[in-house]
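1. Sequence and predicted structure, then a few things I'm wondering about:
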Amino acid sequence: MFDSPPPFRQWIRHVASVPKGFLRHYVLKLLKEKPMSGSEIMEEIEKETGGRWKPSPGSVYPLLAWLQDNGYTKEIPTKETGMKRYMLTEQGEKFFGEEIKLKEKLQKKLEFLVPQLFSGFWFHPHREKLQEIQEPVKRFITALFNLRRTLEENLTDQTLKEVGEFLNNTAEKIEEINRRLAGN
């Protein structure tokens with residue numbers, strides 16, 4: 001019937017995969033680290049997300065133009081012809097600071113909401129039985145959120161190794177239980 005998905009489906013797929021404002025935040029973060037071109041930004045995001053996401057030129061270049069038009073970035077001269085690199089202006093650094101505050105507010109809301117969602121087996125036919133694990137699931141998800149925040153502030157190689165080993169071991173145990181239950 002349709003040669004391509006209807007526009008609404010395309011919009012839903014895009015919105016569901018990348019939260020609104022995420023690209024802007026990511027671009028500001030990268031430009032705070034160093035001046036970059038649009039293609040460098042796309043490549044860096046693809047690299048940092050393990051290849052799971054590479055924003056399109058149709059997303060990145062209009063965003064860079066908007067940032068420049070609003071005084072958040074400025075173009076810097078390059079030796080390569082046709083290559084435009086951008087850097088944050090002082091106004092852009094302030095804007096990025098506001099973005100960080102918004103991110104922190106969102107994280108606090110998610111820290112409350114996500115454990116509730118993950119621990120809620122509202123639509124399961126054995127809801128009463130599953131309530132026994134509801135509180136441990138909430139504690140686990142809350143602990144992960146808190147750990148992520150703490151790691152941002154106190155990241156060391158030793159801590160990273162310890163957390164990585166623990167999370168891998170825990171994931172293996174959960175996967176083992178899941179395989180055993182799926183086999184029944």
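-> That came through, no problem.
2. For residue 88, what are phi and psi?
-> phi -70, psi 140 (degrees, to the nearest 10).
3. so it touches residue 34, yeah?
-> No: Residue 88 lies out of contact with residue 34 (Cβ atoms under 8 Å); the separation is 9.9 Å. For every residue, glycine as well, the C-beta is placed using N, CA and C.
4. Mind checking which of the two has more residues around it?
-> Just comparing residue 88 and residue 34: by other Cβ atoms under 10 Å the higher neighbour count belongs to residue 88, 23 against 11.
5. any idea how far residue 70 is from the more buried one?
-> Using Cβ to Cβ, to the nearest Å, residue 88 is found at 12 Å from residue 70.
6. One more: residue 177?
-> Using Cβ to Cβ, one obtains 51 Å as the distance from residue 177 to residue 70.
7. Tell me where the chain has helices.
-> Ranges of helices in the chain, per DSSP state H, are 7-17, 22-33, 38-48, 57-69, 90-119, 127-153, 157-183.
8. pLDDT-wise, which helix or strand of this structure ranks last?
-> helix 7-17 (a mean of 44; mean pLDDT, DSSP states H and E).
9. Out of the helices of the chain, which is closest to residue 80?
-> Between residue 80 and these, the tightest spacing by Cβ to Cβ is seen for helix 38-48, at 11.1 Å.
10. what's next to the closest one, contact-wise?
-> Contact partners of helix 38-48, identified using Cβ atoms under 8 Å, 6 or more residues apart in numbering, comprise 26-27, 30-31, 36, 53-57, 60-61, 64, 84-85.
11. What residues of that helix count as buried?
-> Using 16 or more other Cβ atoms under 10 Å as the test for burial, helix 38-48 gives 38, 41-42, 44-45.
12. between that helix and helix 57-69, how big is the angle?
-> Taking axes from the mean of the first three to the mean of the last three Cα atoms, to 10 degrees, one finds helix 38-48 and helix 57-69 inclined to each other by 120 degrees.
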